[in-house]
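Peer 1: For reference, the sequence and a predicted model appear below.
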Amino acid sequence: MILSPRGKQTNGLLTQQKMLRAAVALFLESGYEKTTTAKIAKAAGMTQSSFFRAFASKEALLLELVRRMFGGQFALAEQHSGIEDPVLLYAVETSLQLHIAELTEPLRELYVVGYSLPTTSAYIYQSMAGRLQSIFGKYMPDLELKDFYEMEIASASIMRGFMAMPCDVYFTMEAKISRFLECSLKLYDVPQEQRKGVIAAVMQMDLRRMAEEIIQKTVAQAEEGFAALPALKK
């Protein structure tokens, strides 16, 4: 049987969805490094050659996963918090990422890798630059988009470093969040009193519960083939 171009495209998308679904389960169980392309293909019920027809590499698969999850998790954070103030929402979203990375070691590794690999980190910087300008541009009206891109590299580096360091009795989750927010909000020139208010408001929230619910919904969406979470435009 000869497939039409549309049929080939549909089959290719289905293969991608199966590989992504299998990868999410394996990444959450074993982490990124221990999950090989062969394991992903096997879990998807397909051959390793099928994997490489769908994705050029494991990093390419992770990039697609980040595209699908990044904005979606922010949207879920907004739904959970019901917050309209963009500065407070930014604080909640970034704090939730820190909480998610603390839930399990495979999640920590996955998030640290996402902020480290060339393609995924570049995607995060580019995706956040415009958003940061819309949130913090009023505090720094003379800055351009490229300035916020460069500043995102700085704040993302802090995020990655904090994610990589597990919490302990000295560096608690509360300390990690308050330190990150103080650094990042100061970087974006948020006034001191407003910074204090935002950090205090974040500390009153049950972020761990919200983080767990976001991961549960992300896993559910992956199992459904991300039908409820379409890929962002490339």
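Peer 2: Okay, I see it.

Peer 1: next structured bit after the helix or strand harbouring Thr15?
Peer 2: Assigned by DSSP states H and E, Thr15 belongs to helix 5-30. Using DSSP H and E, the helix or strand that directly follows helix 5-30 along the chain is helix 37-43.

Peer 1: so how far is that following helix from its chain's centroid?
Peer 2: Relative to its chain's centre, helix 37-43 lies at 23 Å (Cα atoms, centre = their mean, to the nearest Å).

Peer 1: Check which residues of it are buried.
Peer 2: Within helix 37-43, the residues that count as buried by 16 or more other Cβ atoms under 10 Å are Thr37, Lys39, Ile40, Ala41, Ala43. Every residue, glycine included, has its C-beta placed from N, CA and C.

Peer 1: What is the nearest of those residues to Phe70?
Peer 2: Nearest to Phe70 out of the buried residues of helix 37-43 is Ile40 (Cβ to Cβ; 20.2 Å).

Peer 1: Would you mind giving the domain segments of this protein?
Peer 2: In terms of domains, the chain is parsed into 1-55, 58-223 (source: automatic domain parsing).

Peer 1: export those to JSON lines and tack on mean pLDDT?
Peer 2: Converted to JSON lines, the domains of the chain look like this (pLDDT from 0 to 100):
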{"stretch": "domain 1-55", "mean pLDDT": "85"}
{"stretch": "domain 58-223", "mean pLDDT": "92"}
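
Peer 1: from what I can see Ser116 touches Arg160, true?
Peer 2: Yes: the criterion here is Cβ atoms under 8 Å, and Ser116 meets it with Arg160 at 6.5 Å.

Peer 1: of the two, who's got more company?
Peer 2: Between Ser116 and Arg160, counted using other Cβ atoms under 10 Å, the more crowded position is Arg160 (19 against 12).

Peer 1: Now render the buried residues of helix 37-43 as TSV, adding distance to Lys196.
Peer 2: Converted to TSV, the buried residues of helix 37-43 look like this (distance: Cβ to Cβ, whole Å):
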residue	distance to Lys196
Thr37	48
Lys39	47
Ile40	46
Ala41	51
Ala43	47
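
Peer 1: Of the residues you listed, which pair is most distant in space?
Peer 2: Pairwise across the buried residues of helix 37-43, and taking Cβ to Cβ, the largest span is found between Thr37 and Ala43, at 10.8 Å.
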